[in-house]
Structures are given as C-alpha cells and as structure tokens.
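In: kindly return the folded structure for what I paste below:
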Amino acid sequence: MPHDHPDHDPLEEGAALRVRALEELMIAKGLVDPAALDAIVEYYERETGPRNGAAVVARAWTDPDYRAWLLRDGTAAIADMGFSGFQGEHIRVLENTYEVHNLVVCTLCSCYPWPVLGLPPTWYKSAAYRSRAVREPRSVLAEFGVVLPEDMQVRVWDSTAEIRYLVLPQRPEGTDGQDTATLATMVTRNGMIGTARL
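Out: Okay, the predicted model is just below:
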C-alpha cells in the first residue's frame, strides 16, 4: 500500500534493531549458532511460502473433492499436501466468490499461516494495515488496486494465535484445461491474503 503503509515503519524498525542486537549478543555469548539461525530463515524463505499456498489453491481449482475438503477442514487438507508446522496448526480457508471478497488481517500482531504463505510482508504487520483493514476495507483494497463492485460483500477475518486464514481466490475464467502447475503460477501471496483478486 504505497501511501499509508510505508515499508519503513518506525515502530518496526525499532523492533528489528532490538532483535538484531539480541541476536548478536546471543551469538557473541555462544548461546546461538549463526548457521542454525541462517538455516531457519532460509527454511521460511525457500521451503515454505506463497508457492506452497499457490499449489493448494491450484489443486482446489482442479479437484472438486479436494476443494470441498479444503473448505471443510483447511488444516487437514493443507497438511495432506505436506504443508504444516509452526503457525499452521489451524488454518481456515475462505472462498472468494462473485458475491463475497475475503480479506485477512491480524489486528493484535501479525498471526499468519507461515506453512502456506511464508513470512508475512512488512505491510501486513504495520499498524496502519492492521487498523484500517477492519475500519475501511474497501479503501485499503483500493490502495492495493482492488476496486470491487458496490454490491460485492467484503468480509474481514481477524487471525489469532488459535486460527489463521487463507483466501481461496476465484479461478480465472478461460483457464479450463490448464494443469495445476500452470494455474499455480497465477496465484499470488496477496491473493491468498485478499489484497488482490489472484
């Protein structure tokens, strides 16, 4: 969100500096192995992330039984594809339709389904997004370039420590016959948060 959600939130910068100082102190005292920290970060950057969620979405678009299972029990259906773990213990999947658009936020902190979306983007954690998404979701969506018809309902879902949400975007028209690998390339992280249509 270019205007109200800068990538350099002063509160986040302060927190990042404190985390970095704590990390350096723990490494200096021999309490933490820097290679282990690097491996953890690399895991969340490369082994998890939006490509996992995109694979889930593409499968749901092509397999009606899987789609029904995903909407009924997102955690189990996602785990069936091998995507589970920390921050993914309970995931509910929300389906976008021609009548309803879903938007996910975490008003208290930045709860986020890491196994299917990776690490949260900076704007997701910003105070501006967390407060405005609930109060004025259409304005927030417009700042992301999503202008919805007036008669389309916008539902805002607040993630918590107990439950996280994943948006199942609508399958694009004209994609019949395309395989899941091709379909997965059309799915974006923002689409699975609800700040994009795909």
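In: next one: the residue in the chain sticking out farthest from the centre, what pLDDT does it get?
Out: Seen from the C-alpha centroid of the chain, the residue lying at the greatest distance (C-alpha atoms, centre = their mean) is residue 29, 35.2 Å away. If you check residue 29, the pLDDT there is 85.
In: same thing with residue 47?
Out: 59.
In: what sits closest to residue 87 if chain neighbours are left out?
Out: The shortest distance from residue 87 to any non-neighbouring residue, by C-beta to C-beta, 6 or more residues apart in numbering, is to residue 114 (3.8 Å). Yep, even glycine has a C-beta here, placed from its N, CA and C like the rest.
In: the one you found against residue 83, yeah?
Out: No: applying C-beta atoms under 8 Å as the test, residue 114 and residue 83 come out as separate, 9.6 Å apart.
In: pull up the pairing partners for the host helix or strand of residue 102, direction included.
Out: Element membership of residue 102, judged by DSSP states H and E, is strand 100-105. Each strand paired with strand 100-105, and its direction, by DSSP bridges: strand 153-158 (parallel).
In: got any ranges where the protein has weak pLDDT?
Out: 1-16, 19, 37, 40-48, 88 (pLDDT under 70).
In: ok, residues contacting the strand or helix carrying residue 183?
Out: If you go by DSSP H and E, residue 183 is part of helix 180-184. Around helix 180-184, the neighbours that count as contacts under C-beta atoms under 8 Å, 6 or more residues apart in numbering are 51, 54-55, 57-59, 61-62, 171, 175.
In: at 10 Å what do you get?
Out: 50-63, 171-172, 175, 178 (C-beta atoms under 10 Å, 6 or more residues apart in numbering).
In: so residue 141 sits in a strand?
Out: No: Residue 141 is assigned helix when assessed by DSSP: H, G, I helix; E, B strand; the rest coil, not a strand.
In: surely it and residue 149 touch.
Out: No: between residue 141 and residue 149 there is no contact under C-beta atoms under 10 Å: 11.9 Å.
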